[in-house]
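Engineer: model the structure of this input:
(chains A and B)
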Amino acid sequence: MIKIENLTKSYRVPNGRHYVFKDLNLELPAGKSVALIGRNGAGKSTLLRMIGGIDKPDCGRIVSQRSISWPVGLSGGFQGSLTGRENVKFVARLYASKAELKEKVAFVEEFAELGNYFDMPIKTYSSGMRSRLSFGLSMAFKFDYYLVDEVTSVGDARFKAKCQQIFEERHKDSSFLMVSHSMETLKSYCDIALYITREAKVTIYNDVQEAIDAYLVNEKIIAING
Amino acid sequence: MIRKGFHIQKSTVIALFLREIKTRFGKYRLGYCWALLEPVLHLFVLWVVFDYVMQRAMSDISFPVFLLNGLIPYFLFSNIATRSINAFEANQGLFNYRPVKPVDTVIARAVLETFIYTMVYFLLMALLLLNGEVIDKINLIELCTVGFLLVVFSFGLGLIVMVVGNAFPEMEKFLPVIIKPLYFISCIMFPLNAVPEEYWGWLLWNPLLHVVELARESLAINYQSEGASLAYLAFSTLIVLFVGLLLYRSREEAMLTS
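Structural biologist: The predicted structure is shown next:
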C-alpha cells in the first residue's frame, strides 16, 4: 500500500508558483497496478517520481513499506565512458547483495542481447541499444512496485515481444505504476486508475476504462453525444 | 527487499567509489597506476624546484621530509574541497536511484582522495628512507591522528561547499580564490619558526597550518613548533564537521527537489 498524505507540490514560474498538487490525500491499495491518466504537464510523471522518492514534495509525505523501483528504462544514470557491464555493476551494487551481483549482471547481459557491445563504453551505443540495456537492468531486480513512464516499445519486434513477456511475468508478483499515452497498454496492465485533471484534482477510479472515459470527455477529446 | 540505513549507505559509497575510480582512471593505458603516478610526478617536480630554488639546509628536519609533509596535506585538503563542489552536479543522474544521496557522493570522493594520497604519502616516505634521508623519530599515533583530523576537516568543508555551491553556483569561482592562497600561508614552504612571532596570531587561525606543523613534529625530534596545537585542530575540525552536517541536513530535501 502507498499512502499519500497532505501532499503539495509546486514549481517556481516567472509569476509566482505553479501548483501541481495541493493537499493531495490518496491511498493506493496494495497489489493493484495503477494507471496515471492526464494531459501533458498534468503532473503524472512528477507524482510518479515523488512516489519513487526521486523528487520531493513541498510538504506532506508519501508512506510505503514496499520496495519501489527507479523509473523503468531510465538511462540518465549511465556514465558514457563506462562500459555497459560497469554501469550495470554499479546499479547492482546499489540494489543487490554481493552474492547476487554476478547473477544480476548475467541476467542483464543475456536479456539485453548486446553481444560484444556489453563490454564497450555506453557512448558508443545506439539509442536502441541503450534502452535495451536500461530496460534489462530494471527487470533484473524484483520490486513490489515498478514505475513505468512511457516505455512500452523498445527495440525491434522480436525484442518487443520479449519485453512484453517479462513484463507479464513481473506483473504476477509486482504492481506497476504506469504513465502511458497508449490507452490499450494501460488497460491491459492496470487494475485501477488515477485521473489528474486540469485543475490538479486527482480522482481515483476502480476501473481503468471509466477513468479513460472521464478523461476523454473532460478534455473534450470526444464530445458527449446525446 | 527492504534494507537498513547504514547498510544501504555503505554499499552506495562503495559503488560510487568504484565508479569514480573507473571514470577517472579507467581510460588510461596505465589505468589505476595514474591514480598514484599523477600526484607523485607533481610532487616530484615541486620537490626538485624547491630543492633547487631554496637550497635551504634545515638543521632540525630533512628538507624532503619537511616539504612532503607540507605538500601532501595541502593537496589532500584542496582536492577534497574542490572535488566536492562538483560532486552533486556530476552525479545528478544517479539521484534517480533512491539509495544515492548527495552526501554519499562527497564521502566517495573524499575516500578516494584519502586513499590516493595515503598511498602516495607512504610510497614517497619509503622512497626517501631508502634514499638515505634521516627520520629520527616516528610518532605514528600522532601522525595518524593528524591525518584523520585532516580528512574529517576536509570532508566537513567539502559538505559545506557542496551545499552552498548548490544554492549559489558562484561558489565554484570563489573557492579557488580562498584555497590557492592557503598554499602560501600554511607553512608549506617554510617552518612556522621562520615567521616573526607577531604574525603568528593571524596564521594560527588556519587549521591546515596546524596539520602541517604537527605532522612534521611527529617525524623529527628537534622540529618543534610552539604554535601548533592538536587541541585547536581537533576543535576546528569538530566545528567544521558540525556546520557541514547541519547545513546538509537542512538542505538535503531541497537539493533533491526539482
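Engineer: C-alpha from now on. contacts and neighbour counts both.
Structural biologist: OK.
Engineer: for residue A:193, what are its contacts?
Structural biologist: A:34, A:35, A:36, A:37, A:204, A:205, A:206, A:207, A:208, A:211 (CA atoms under 8 Å, 6 or more residues apart in numbering or on different chains).
Engineer: just want the residue of chain A that's nearest chain B.
Structural biologist: Nearest to chain B, among the residues of chain A, is residue A:77, at 4.4 Å (CA to the nearest CA).
Engineer: which residue is the nearest non-sequential neighbour of the closest residue to chain A within the stretch 1-150 of chain B?
Structural biologist: Closest contact between the stretch 1-150 of chain B and chain A, by CA to the nearest CA, is at residue B:93 (4.4 Å). Excluding its sequence neighbours, the residue lying closest to residue B:93 (CA to CA, 6 or more residues apart in numbering or on different chains) is residue A:77, at 4.4 Å.
Engineer: okay, now residue 20: neighbour count?
Structural biologist: All of this is about chain A. The number of residues packed near residue A:20 is 21, by other CA atoms under 10 Å in any protein chain shown.
Engineer: hmm, I had chain B in mind actually
Structural biologist: Neighbour tally, residue B:20, other CA under 10 Å: 17.
Engineer: with residue B:95 instead?
Structural biologist: By other CA under 10 Å, the residues close to residue B:95 number 19.
Engineer: quick one: it and residue B:101 touch, right?
Structural biologist: Yes - between residue B:95 and residue B:101 there is a contact at 6.5 Å, judged by CA atoms under 8 Å.
Engineer: if we can go back for a sec, so what's the residue nearest to residue B:93 up against?
Structural biologist: Neighbour list for residue A:77: B:92, B:93, B:94, B:95, B:96, B:97 [criterion: CA under 8 Å, 6+ apart].
Engineer: one more time with 10 Å
Structural biologist: A:87, A:90, A:91, A:134, B:91, B:92, B:93, B:94, B:95, B:96, B:97 (CA atoms under 10 Å, 6 or more residues apart in numbering or on different chains).
Engineer: which one of the residues you listed is nearest to residue A:111?
Structural biologist: Among the contacts of residue A:77, residue A:134 lies closest to residue A:111 (CA to CA), at 10.5 Å.
Engineer: skipping adjacent residues, who's closest to the closest one in space?
Structural biologist: With CA to CA, 6+ apart, the residue lying closest to residue A:134 is residue A:73, at 4.7 Å.
Engineer: what is the burial count for that neighbour?
Structural biologist: 23.
Engineer: is it in a helix, a strand, or coil?
Structural biologist: The three-state label given to residue A:73 by DSSP: H, G, I helix; E, B strand; the rest coil is coil.
Engineer: hmm, residue A:131 and it touching each other?
Structural biologist: Yes - with contact defined as CA atoms under 10 Å, residue A:73 and residue A:131 form a contacting pair (6.1 Å).
Engineer: and for the closest residue to residue A:44 other than its chain neighbours, the neighbour number?
Structural biologist: Nearest residue to residue A:44, sequence neighbours excluded (CA to CA, 6+ apart): residue A:36, at 6.1 Å. Burial measure for residue A:36: 28 neighbouring residues, criterion other CA under 10 Å.
Engineer: same question, the one 10 residues further on
Structural biologist: For residue A:46, the count of nearby residues is 19 (other CA under 10 Å).
Engineer: same question, the one 3 residues further on
Structural biologist: For residue A:49, the neighbour count with other CA under 10 Å is 19.
Engineer: picking up where we left off before, and the gap between the residue of the stretch 1-150 of chain B closest to chain A and residue B:36?
Structural biologist: According to CA to CA, to the nearest Å, residue B:93 stands 28 Å off from residue B:36.
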